[in-house]
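# Can you look at this prediction? I've put the sequence above it.
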Amino acid sequence: MEPAIPGPDGFLLSPNDPLHAAHVRLNDYLLAEEQRNPTFIPFDVAIWRKLPKRQLVDQIRAVLERLAWLDQHDAELENAHLARLRLATLLRVLYRNKIPYTELDLRILLDLTTPLLGRIAPFGPVELVMEYLKTNDLTPELCRTLRNFQANLREEMSISQASMQSLRQQVHMLLWLDEWEQLDPTRCWSECVRRDFRTMTGDRRVNWRALLKHLRGNAPVRMPAGWARQAEPRLSAVGVEDFKEQMRTWFAPFRSGEPLPLSVAGSHVLKGLIWFSAVARDEAIKECALWLLDVKWKQKRNTEKAMVALMEFGFSKEDLGARKLIRPQPHDPMPRLIEKMRQAVCLHPANHIHIDEDGEKIIIQGQLHFYRLFRSTGRIERVTDNAVLELNFPSIPDSFRLIIRRECDSQQQLDHRAYMLMNDAVFGCYFAVK
């Protein structure tokens, strides 16, 4: 048996590995990235865009498997974070290639991504599922895989709060389309839509599925013209009369006076149905849609994104605010936001870090606790309970590792730890009791 050969990142590549060719390309890539000066030489994506479909799928799998291996061997490899950052960059490039993926491909990529959600950004596989859904349907297996992915999403690995919110909304809507999940009327008003859809058969079911698949979890406030153009043939296939009857049935509870439950996904469903009502240009359907003005919701937090859909019927935000259907917008939020930023992260070290007379001990006032940091040893003590803390290095994101080292062996590393402790409301999660 031929021996396994270590790559530039330490990964042991077996000649019998089914993804051997893809891993060889990764070895070449990592070696080239070590030698590339990004200031003068741009990242060349041409080679990755030319990969045939099957090789591209294998390449993504190889990147995800390599990332998992680097995570498992993080404590043994000094520069594992550098390899992970380079592989994460490549992964984003590979996901941009538009090719048809099979249902099995998607499940494999989601399953490989899920254990890495605490280490890499979650974007990529969900977008592939959204693209797949344009010409295909969900399966029970793919829905189970998506639920597992959803359960493991980590906020700290998002590019921004807005991007993570958009991703979560997309997943919520994908799983609302799960035709095999047990219904729960107490969960959301929209369960009646799912219930009635499941009773449909033949072409009617096919046409309604296409219409419901057009609902979006990450749609903007106003209905885009492109969305409306694509909605028209779907609504035509269902038929205006059938759509009208279903709207009367589904929206009838809005006039009951009883508070109704509304989930995150349900708010997107409601918004999409209002948009379809606007596309229909039918007075009777519009009348049904306006029953929404009389609805009472149990949960207030999910209602606004649905209520603003009524703007498609000429209502302004001021009108909706006067009816208390949406929250009034603050007149000038900027000063309040700036003050919050100051309180959260813009602390001045001179006011919160003090050095004792002999210069050995640094007293740090954090947002939650006081700390003692010893210059000579890097020892950290929490004053509140005298607990000795240490940096929980495995929890440090790879991007932080470009400046934070495992050992506190320099003034710079002391300064970094002092800053993190000073902002312990943000960075306290990266320390553990020794």
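Received it, and whenever you're ready, just let me know what you need. Numbers count the residues shown, from 1 in each chain.

# Remind me what the helix or strand where R234 lies packs against, helices and strands.
Assigned by DSSP states H and E, R234 falls within helix 225-238. Packing contacts for helix 225-238, counted by 3 or more Cβ pairs under 8 Å, 6 or more residues apart in numbering; DSSP states H and E, involve helix 202-213, helix 264-280. No exception for glycine: its C-beta is placed from N, CA and C like everyone else's.

# buried ones in it?
227, 231, 234-235, 238 (16 or more other Cβ atoms under 10 Å).

# Looking at those residues, spot the one nearest S410.
Among the buried residues of helix 225-238, W227 lies closest to S410 (Cβ to Cβ), at 54.8 Å.

# Give me the distance between the closest one and L138.
W227 is 21 Å from L138, where distance means Cβ to Cβ, to the nearest Å.

# Low-confidence regions, the stretch 1-150 of the chain specifically.
1 (pLDDT under 70).

# So which residues of it form strands?
Counting by DSSP state E, counting those that start in this stretch, the stretch 1-150 of the chain has strands at residues 5-6, 12-13.

# With the stretch 251-400 of the chain instead?
According to DSSP E, counting those that start in this stretch, the stretch 251-400 of the chain carries its strands in the segments 353-355, 361-365, 370-374, 380-382, 387-391.

# Quick one: distance of the third one to the chain centre.
Centroid separation between strand 370-374 and its chain, computed with Cα atoms, centre = their mean, to the nearest Å, is 36 Å.

# Report the buried residues of it.
Buried positions in strand 370-374, judged by neighbour count with 16+ other Cβ under 10 Å: 371-373.

# That strand - what's its average pLDDT?
The average pLDDT for strand 370-374 rounds to 91.

# Kindly report the same for the second one.
Here strand 361-365 scores 88 as its mean pLDDT.

# JSON lines for the buried residues of strand 370-374, including distance to L85?
As requested, those are arranged in JSON lines below (distance: Cβ to Cβ, whole Å):
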{"residue": "Y371", "distance to L85": "30"}
{"residue": "R372", "distance to L85": "33"}
{"residue": "L373", "distance to L85": "28"}
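
# Tell me who's in contact with K213.
K213 makes contacts with 133, 177, as judged by Cβ atoms under 8 Å, 6 or more residues apart in numbering.

# So, low pLDDT: which residues of the stretch 251-400 of the chain?
317, 319-351.

# Which helix in this protein has the most residues?
For the chain, the helix with the greatest residue count under DSSP state H is helix 53-72.

# picking up where we left off before, please tabulate the strands of the stretch 251-400 of the chain in JSON lines, including the columns distance to L292.
Below are these laid out as JSON lines (distance: least, Cβ to Cβ, whole Å):
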{"stretch": "strand 353-355", "distance to L292": "55"}
{"stretch": "strand 361-365", "distance to L292": "51"}
{"stretch": "strand 370-374", "distance to L292": "53"}
{"stretch": "strand 380-382", "distance to L292": "52"}
{"stretch": "strand 387-391", "distance to L292": "52"}
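
# so which of these comes closest to D58?
strand 387-391 (37.3 Å).

# which other helices and strands contact the closest one?
Applying 3+ Cβ pairs under 8 Å, 6+ apart, one finds that strand 387-391 makes contact with strand 380-382, strand 431-433.

# The same query, at a cut-off of 6 Å, please.
Packing contacts for strand 387-391, counted by 3 or more Cβ pairs under 6 Å, 6 or more residues apart in numbering; DSSP states H and E, involve strand 380-382.

# Okay, now the sheet partners of the strand it packs on, with direction.
Partners of strand 380-382 in the sheet, by DSSP bridges, are strand 370-374 (antiparallel), strand 387-391 (antiparallel).

# Tell me which of these sits nearest to S190.
Comparing the strands paired with strand 380-382 under Cβ to Cβ, the one sitting nearest is strand 387-391, at 46.1 Å.

# Tell me the buried residues in the closest one?
In strand 387-391, counting by 16+ other Cβ under 10 Å, buried: 389, 391.

# residue nearest the centroid of this protein?
M164 (3.4 Å; Cα atoms, centre = their mean).

# Pull out the buried positions in the one helix or strand that one maps to.
Per DSSP H and E, M164 falls inside helix 161-176. The neighbour-count check on helix 161-176 (16+ other Cβ under 10 Å) flags 164, 166-176 as buried.

# which one of those sits closest to R216?
Of those, the one sitting nearest to R216 (Cβ to Cβ) turns out to be M173, at 6.7 Å.

# so that closest one makes contact with H268?
Yes: look at M173 against H268 with Cβ atoms under 6 Å: they come within range, at 5.4 Å.

# Between the two, which contacts overlap?
G217 (Cβ atoms under 6 Å, 6 or more residues apart in numbering).

# Tell me which of the strands of the stretch 1-150 of the chain sits nearest to I108.
Short answer: strand 12-13, nearest of these by Cβ to Cβ, at 19.8 Å.

# counting contacts, what elements does that closest one pack onto?
If you count contacts as 3+ Cβ pairs under 6 Å, 6+ apart, strand 12-13 packs onto no helix or strand.

# Contacts for that strand, please.
Applying Cβ under 6 Å, 6+ apart, the set of residues contacting strand 12-13 is 4-7, 23.

# The same query, at a cut-off of 10 Å, please.
3-7, 19-20, 23-24, 26-27, 62, 66, 69, 73 (Cβ atoms under 10 Å, 6 or more residues apart in numbering).

# And for stretch 28-37?
Here stretch 28-37 makes contact (Cβ under 10 Å, 6+ apart) with 7-9, 11, 41-44, 47-48, 59, 63, 66, 79, 82-83, 85-87, 89-90.

# winner for burial among the helices and strands packed on helix 225-238?
Stretch with highest mean neighbour count among the helices and strands packed on helix 225-238: helix 264-280 (a mean of 24; mean count of other Cβ atoms under 10 Å).

# I appreciate the help and will end here.
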